[in-house]
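>>> Requesting a structural model of the entry that follows:
(2 chains)
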Amino acid sequence: MVRTRFAPSPTGFLHVGGLRTALYNYLYARKNNGRFILRIEDTDQRRKVPGAVENLLATLDWSGIKPDEGPQIGGDAGPYVQSERLELYRQYVSQLIDNEQAYYCFCPAERLKQLKGWQTARKIPPRYDNHCRNLSANEVKRRLESDEQHIIRMKVPTEGAIEVDDLIRGKITFPVSQIDDQVLLKSDGFPTYHLANVVDDHLMQISHVIRGEEWLPSTPKHVLLYRSFGWDLPKFAHLSLLLNPDKSKLSKRQGDVAAEDYRQKGYLPEALINFLALLGWNPGDDREIFSMDELISEFSLERVSKSGAIFGVEKLNWINGLYIRNLPPAQLLSCARPYLDESLRRHNVKNRNYWNDERLLAMLIAIKDGLSSFSEIPQKTAFFLADTLSYEAPEIQEYLISPTSIPILTTLIRLIDEESIINGDTFVTAIKNVQKEIGIKGKPLWMTVRAALTGASQGPEIHQIAAIFDRETCLARLTAALNYAKSHLG
RNA sequence: GGCGCUAUCGUCUAGUGGUUAGGACAUCACGCUUUCAAUGUGGUAACCGGAGUUCAAUUCUCCGUAGCGCUACCA
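This next block holds a predicted model:
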């Protein structure tokens, strides 16, 4: 039975790198008819952020990754929050103490700090000096009885090598002499990551540990722990890191790193997932677009690449745009709703009778081809919603403050005024009739109308715009532009 | 400093002991469109360096270089 897990610590928001790790774990479990477990690693009380767990769960849920076991859902191997498993770790660590594979350490933090300073000053590798490794049983007993503050350290062998067999990278050898006597239990009674993750992965019967590359160097420590306990090893797979455009580890400084940021910016979860899946994995052929179900049936660890990948927003934009364009109208409207509301709010639109769903959807359809994320909606819809347009841009004045603008607009207004109903077709016919009447054609004609209607030199087709506005709005805008032209042409 | 990982177009990547080194994004040109997009066609663009193995290395080996990670009572 394949069992994978995603084990974030609740120190903030869900990092997109973490989301990718979660995704690969999820895909691998689903692909192999296994189970995907979510576990919260909150063993560092100081770094705990209120609300982080809830946020994590919500964002994961939004992304479409659904754990089979975890906090809130439950499961046979719970609890799934490490701070609720303290007794378990204490129990297992005392087993190691009994077997002399771990020992009490009474070194105060101050001494360790000094030691480290001394070592780095002499450019020797900072290591614990095993000061408490060989304390006599009597001394340990005495100091424990006098309630001296202590931690528990793993007794790491002094020589030999640990070979880790990684599913993505192959065999990797680590000299054991490089490994410190790791802290297993902290003075506050909480376990360190190393202890907790080994105990939990074993107890939760995790078969494949798929995690970030930053864990590769500590894997031999974990292997040592599995051995000390006499447990079978899970399989390991270490994923490359996600990077900034300058190849440094993906960080807040250079853009958005929280999955939540992308959600807020109007990226569809399906698009983010699709993009993330391709960042380090490929199907072996030319396909680029995958639904979650398709990813599940195609995924394999063999096709995961070893090198770090830059999180390039350009391609995400392309994928997201593609997903937006393929959205059925009803979904397009519901996904865009928050951003439409923002647009309406910005322009202080009160007349929701006029801007009803039908009209909003038509507007959305008019602009959606150029959209790479929903957050562009307020900017792209501004000219539809604004009460008054600005004609100050040079490329607008080129057409409006021109000898041809007054005859064009005057004639068009008259022709439209004669129509009882204005839609895309009748509006376009009216423009063509302007051409017939006054002989102005081509760009000067059409761009003047566009400028008058939108205050911009580019946008959706005139046909579409006119279909969205009603007769009165069309007339009002043309008249406003005509007045502007008149006032500037003397 | 020590240990480890990684190295193909600007980016994500495919691939091979002999290939015109393939695709996608981005970019450029053209077509479509009386605007902009979307879309279609085409173009520019890459095997980190040096040795070795070999008839032949981008591919295998070693060395170097660079980038990254780890080196906490953080995960």
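>>> ok, which stretches of chain A are strands?
Ranges of strands in chain A, per DSSP state E, are A:3-6, A:35-38, A:102-105, A:151-154, A:161-166, A:170-175, A:183-185, A:208-212, A:235-239, A:242-243, A:309-310.
>>> and these as JSON lines, adding distance to residue A:350?
(Each C-beta comes from the backbone N, C-alpha and C, glycine too.) What follows is the strands of chain A, written out as JSON lines (distance: least, Cβ to Cβ, whole Å):
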{"stretch": "strand A:3-6", "distance to residue A:350": "46"}
{"stretch": "strand A:35-38", "distance to residue A:350": "45"}
{"stretch": "strand A:102-105", "distance to residue A:350": "69"}
{"stretch": "strand A:151-154", "distance to residue A:350": "65"}
{"stretch": "strand A:161-166", "distance to residue A:350": "61"}
{"stretch": "strand A:170-175", "distance to residue A:350": "65"}
{"stretch": "strand A:183-185", "distance to residue A:350": "63"}
{"stretch": "strand A:208-212", "distance to residue A:350": "50"}
{"stretch": "strand A:235-239", "distance to residue A:350": "51"}
{"stretch": "strand A:242-243", "distance to residue A:350": "45"}
{"stretch": "strand A:309-310", "distance to residue A:350": "46"}
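>>> any chance of those in a markdown table, with mean pLDDT, distance to residue A:338 and mean neighbour count too?
Formatted as a markdown table, those follow (pLDDT from 0 to 100; distance: least, Cβ to Cβ, whole Å; neighbours: other Cβ atoms under 10 Å):
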| stretch | mean pLDDT | distance to residue A:338 | mean neighbour count |
| --- | --- | --- | --- |
| strand A:3-6 | 98 | 28 | 26 |
| strand A:35-38 | 98 | 27 | 24 |
| strand A:102-105 | 96 | 53 | 22 |
| strand A:151-154 | 96 | 49 | 22 |
| strand A:161-166 | 95 | 43 | 15 |
| strand A:170-175 | 94 | 47 | 12 |
| strand A:183-185 | 97 | 46 | 25 |
| strand A:208-212 | 98 | 32 | 22 |
| strand A:235-239 | 97 | 33 | 21 |
| strand A:242-243 | 92 | 27 | 22 |
| strand A:309-310 | 95 | 30 | 16 |
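>>> Would you mind telling me which of these is nearest residue A:14?
Closest approach to residue A:14 among the strands of chain A is made by strand A:3-6 (9.9 Å; Cβ to Cβ).
>>> which other residues reach that closest one?
Strand A:3-6 is contacted from outside by A:18, A:21-22, A:25-26, A:28-29, A:34-39, A:60, A:67, A:201, A:204-210, using Cβ atoms under 8 Å, 6 or more residues apart in numbering.
>>> Would it count as contacting RNA strand B?
No. Using Cβ under 7 Å from any atom of the strand, strand A:3-6 never reaches RNA strand B; the gap is at least 11.2 Å.
>>> cool, and stretch A:324-338?
Yes. Stretch A:324-338 lies within reach of RNA strand B by Cβ under 7 Å from any atom of the strand, at residue A:325.
>>> Now do the buried residues in that stretch.
If you call a residue buried by 16 or more other Cβ atoms under 10 Å, then stretch A:324-338 has these buried ones: A:324, A:327, A:332, A:333, A:335, A:336.
>>> what about it, average pLDDT?
For stretch A:324-338, the mean pLDDT works out to 96.
>>> Just the CA atoms of it, as PDB, please.
What follows is stretch A:324-338, C-alpha atoms only, in PDB (Å, rounded to 0.1, in the frame of the first residue of the first chain):
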ATOM      1  CA  ILE A 324      -9.900  31.300 -18.600                       C
ATOM      2  CA  ARG A 325     -10.700  31.300 -22.300                       C
ATOM      3  CA  ASN A 326     -12.000  27.700 -22.000                       C
ATOM      4  CA  LEU A 327     -14.300  28.500 -19.000                       C
ATOM      5  CA  PRO A 328     -18.000  28.000 -19.800                       C
ATOM      6  CA  PRO A 329     -19.900  31.300 -19.400                       C
ATOM      7  CA  ALA A 330     -21.600  30.500 -16.100                       C
ATOM      8  CA  GLN A 331     -18.300  29.600 -14.500                       C
ATOM      9  CA  LEU A 332     -16.500  32.500 -16.100                       C
ATOM     10  CA  LEU A 333     -19.000  34.800 -14.400                       C
ATOM     11  CA  SER A 334     -18.800  33.100 -11.000                       C
ATOM     12  CA  CYS A 335     -15.000  33.000 -11.000                       C
ATOM     13  CA  ALA A 336     -14.700  36.600 -12.000                       C
ATOM     14  CA  ARG A 337     -17.400  37.800  -9.600                       C
ATOM     15  CA  PRO A 338     -15.100  39.200  -6.900                       C
END
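>>> Determine how far stretch A:151-171 lies from the middle of the whole chain.
32 Å (Cα atoms, centre = their mean, to the nearest Å).
>>> same deal with stretch A:431-439?
53 Å.
>>> Low-confidence ranges, chain A, go.
A:253, A:490 (pLDDT under 70).
>>> Need the outlier residue of it, farthest from its centre.
residue A:437 (56.7 Å; Cα atoms, centre = their mean).
>>> any idea how far the closest residue to that residue other than its chain neighbours is from RNA strand B?
Closest residue to residue A:437 apart from its sequence neighbours, by Cβ to Cβ, 6 or more residues apart in numbering: residue A:411 at 5.6 Å. Counting by Cβ to the nearest atom of the strand, to the nearest Å, the separation of residue A:411 from RNA strand B is 14 Å.
>>> and residue A:411, what does it touch?
Residue A:411 makes contact with A:434, A:437, A:438, according to Cβ under 8 Å, 6+ apart.
>>> nearest to residue A:98, of those?
The shortest approach to residue A:98 among these belongs to residue A:434, at 95.4 Å (Cβ to Cβ).
>>> from memory that closest one sits against residue A:415, does it?
Yes. Using Cβ atoms under 8 Å, residue A:434 is in contact with residue A:415, at 6.6 Å.
>>> Of these two, which one has the most company?
Neighbour totals were compared for residue A:434 and residue A:415, and residue A:434 leads with 25 against 18 (other Cβ atoms under 10 Å).
>>> so how many other residues sit close to the residue nearest to residue A:386 when sequence neighbours are not counted?
Nearest residue to residue A:386, sequence neighbours excluded (Cβ to Cβ, 6+ apart): residue A:347, at 5.7 Å. Other residues lying near residue A:347 total 17 when counted by other Cβ under 10 Å.
>>> number of nearby residues for the closest residue to residue A:76 other than its chain neighbours?
Distance criterion Cβ to Cβ, 6+ apart; nearest residue to residue A:76, sequence neighbours excluded, is residue A:69 at 7.4 Å. By other Cβ under 10 Å, the residues close to residue A:69 number 19.
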